[in-house]
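>>> I need the structure of the sequence given here:
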Amino acid sequence: MNTELALVLLLLAAAIVMFVANRPRMDAVALLMIVLMPFTGVLTINEALAGFSDPSIILIAGLFVIGEGLVRTGVARRLGDWLNATAGQSETRMLMLLMLCVSGLGAFMSSTAVVAIFIPVVLRICQNTGTAPSQLMMPLSVAALVSGMLTLVATTPNLVVHAELVRQGAEGFGFFTFTPFGLAFLVLAIAYMLVARRMLPAQAAPESEQRAPNLRDWVREYGLVGRAFQLRIRPGSALAGQRLEEVRSSIQGINLLAIELPGRFHTEVIRPTPRTELAVGQVLLLDVVAPGVDIVKVAAEYGLEALPLGECGYFTDRSQELGMVEALVAPESRLIGRSVLEARMQSETGLTVLGLRRGRTVLTEDLLEERLKGGDTLLLTGFWSDIRKLRSDYHDLVLLRLPAEEREVLPAASRAPQSVAVLALTVGMMVSGIVPNVHAVLIGCLLMGLLRCVDFNSAYASISWKSLVLIVGMLPFSLALQRTGGVDLAAEAVMRLAGDAAPHLVLGLLFVITATLGLFISNTATAVLMAPVAIAVATELGLSPYPFAMIVAIAASAAFMTPISSPVNTLVVGPGGYGFGDFVKVGVPFTLIVMAASLVLVPWLLPL
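Numbers count the residues shown, from 1 in each chain. Here you go, the predicted model:
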């Protein structure tokens, strides 16, 4: 061992120790390695920084942006809603569909993001069905990890291994090269979790004592059932062609909350203004606040058609656009002494008063004429943008509580078809090879922006800069170990351990080393270190590099064994109420199953 190699290995050992201790944070360690590597004399500073110009880094960043487009437009959430409706009360069906949905979505976007999206979905499902979250949270994390084995872009280690193959003159993996392996592992994962869930704790995870109210709670509390109506403007209606300012004076006691504009692919919900012109086919969302209003008579008089409401009897099915808020009348508010009607809340804030609570008593009669007092609580409804402005722009009311639905509002819910089309186009370009992968992803990012699925702020925020810096900081080790002979030494060590064993056993040894290393450092860093070693072992044996590179990619994703093996596992620990031992007793056997399946499938599908 020469001095230069000793210095590189010393730096590598120090990086691993800091990764294990998690001090400092991983991206800081990576930057430290970039700074220190040139002092070894093996690499120049330009070579240490070369990772920032690697196309794989741009590719990974672009995939984060495309994934953000799927999140902002609600594609993932719609999958969750479909899952809840389809699975019904069957826990087995729920587990199978959950794992299929998560793995399908995770094949094209960050598995960590997929889990973050699905955790509240699973918690809602558990609340509705009475299932313990512990029975579904670990299947969720296992499916997300398996999704990384489905496509080239599903997880960073795949791209790292692919880039190493290209760097060493090989062709690299195709977009769907991983798919046969991933599908087989997904089938095994579903079958295994149907059995292994019996080993998981059955108790529900502890819940917060103070749960945010939801819209349904307020509909019941303020007696709003029976006040909401949806009326479509029919051909020949007296309202068609008129502006709201022309008809509002003739219809008293009815609040127009919003107007639905039906379209070919989606329905747009708009804010009514005095200048809004009514047209045939529009749907009026109305709240009848005054007693004695006969909505049937109003509909007949103006040529309107009544439409059925959702299950709750109010506009909770429009929670992406319309929300509610509880606000307190401030002690020195200008509203004190005015009636609800005189307060003119809609003209000043864009919000409509739905209810009034004084102390613990909800006042339901003659709401419009009720005089406001300091300390009164108003229930207001309107568009979320107006609700958010209430906090900063209107000082006569103090915002008290927002409903749970506020956290689930999608910034670009109407753009779901566009985001799916962009994803399909991007994948099509990558599969066909019309343009390089990184070029295809950059085109996809620009289209996501042009179609308003993402904006610049959300695009930049979606990128995991910590992950990118980690990869860039670890890439110099690959070049330094090759230049100093460290990769050859590691390959020789693997060969000595394997002895005269068959290539299948060498593959198994690489899997064990990679999976074990992944217990202590991130799977991305593991792939950076092990990919060149695996390819060197293949060269030493005179065999194809592809099965050896594939075994490293699979093992890097097989992070099932501990809650700290992957961020995916860490995310589900709290909601699932798991302990360290739960992952060990479920994850270790499945890792062995994946290894056994890999040793059969990899040499078969990628001949040695």
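
>>> so which strand or helix has Asp81?
Here Asp81 is covered by helix 75-87, with elements defined by DSSP states H and E.

>>> Show me what the mean pLDDT comes to for the following helix or strand past that helix.
Where DSSP H and E defines the elements, the next helix or strand beyond helix 75-87 is helix 91-106. Helix 91-106 shows a mean pLDDT of 86.

>>> again, but for stretch 160-179
On average, stretch 160-179 scores 86.

>>> buried ones in that stretch?
For stretch 160-179, a neighbour-count test (16 or more other C-beta atoms under 10 Å) marks 160-165, 167-168, 170, 172-173, 175, 177-179 as buried. (C-beta placed from N, C-alpha, C; glycine too.)

>>> okay, how far is it across it, tip to tip?
Start-to-end span of stretch 160-179 (C-alpha to C-alpha, to the nearest Å) is 17 Å.

>>> can you check stretch 511-523 too?
Stretch 511-523: ends 13 Å apart by C-alpha to C-alpha.

>>> Equivalent analysis for stretch 272-279, please.
Terminal-residue distance, stretch 272-279 (C-alpha to C-alpha): 13 Å.

>>> List the buried residues for it?
Here stretch 272-279 shows 272, 276, 278 as buried, counting by 16+ other C-beta under 10 Å.

>>> Could you find the closest non-adjacent residue to the last one?
Going back to what we said before, that points to Leu278. Leu239 (4.7 Å; C-beta to C-beta, 6 or more residues apart in numbering).

>>> that older thread, among the buried residues of stretch 160-179, which ones are in helices?
160-165, 167, 179 (DSSP state H).

>>> and the two most separated of these?
Taking C-beta to C-beta as the measure, those span a maximum distance of 23.5 Å, between Arg167 and Thr179.

>>> my hunch is that Val325 is in a helix, does that hold up?
No. Val325: not assigned to a helix; according to DSSP: H, G, I helix; E, B strand; the rest coil it is strand.

>>> just checking, it touches Leu402?
Yes. Under the criterion of C-beta atoms under 8 Å, Val325 makes contact with Leu402 at 5.7 Å.

>>> Between these two, tell me which one has more neighbours.
Val325 (24 against 18; other C-beta atoms under 10 Å).

>>> Tell me what the more buried one is bridged to.
Leu380 (DSSP bridges).

>>> From Met474, how far off is it?
Going from Val325 to Met474 by C-beta to C-beta, to the nearest Å gives 47 Å.

>>> related to what we said a few turns ago, may I see the buried residues of stretch 272-279 organised as TSV, with pLDDT added?
Formatted as TSV, the buried residues of stretch 272-279 follow (pLDDT from 0 to 100):
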residue	pLDDT
Pro272	89
Thr276	90
Leu278	92
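
>>> and which of the residues you listed is nearest Trp465?
Closest to Trp465, out of all of those and judged by C-beta to C-beta, is Pro272, at 42.4 Å.

>>> Give me the pLDDT for Val114.
At Val114, pLDDT is 74.

>>> Pretty sure it sits in a helix.
Yes. Per three-state DSSP, Val114 lies within a helix segment.

>>> how near is Thr47 to Thr40?
Check again: residue 47 is Glu, not Thr. 11 Å.

>>> Could you check which of these two is surrounded by more residues?
Between Glu47 and Thr40, counting by other C-beta under 10 Å, Thr40 is the more crowded of the two (19 against 16).

>>> Can you list the low-confidence ranges for the stretch 351-500 of the chain?
Residue ranges of the stretch 351-500 of the chain with pLDDT under 70: 487, 498-500.

>>> Helices of that one, start to end?
Using DSSP state H, counting those that start in this stretch, the helices found in the stretch 351-500 of the chain span residues 384-393, 416-432, 437-450, 456-462, 465-484, 486-498.

>>> any chance of these in a markdown table, with distance to Val573 and mean neighbour count too?
Shown next, in a markdown table, are the helices of the stretch 351-500 of the chain (distance: least, C-beta to C-beta, whole Å; neighbours: other C-beta atoms under 10 Å):
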| stretch | distance to Val573 | mean neighbour count |
| --- | --- | --- |
| helix 384-393 | 32 | 16 |
| helix 416-432 | 30 | 18 |
| helix 437-450 | 32 | 20 |
| helix 456-462 | 24 | 15 |
| helix 465-484 | 20 | 22 |
| helix 486-498 | 34 | 17 |
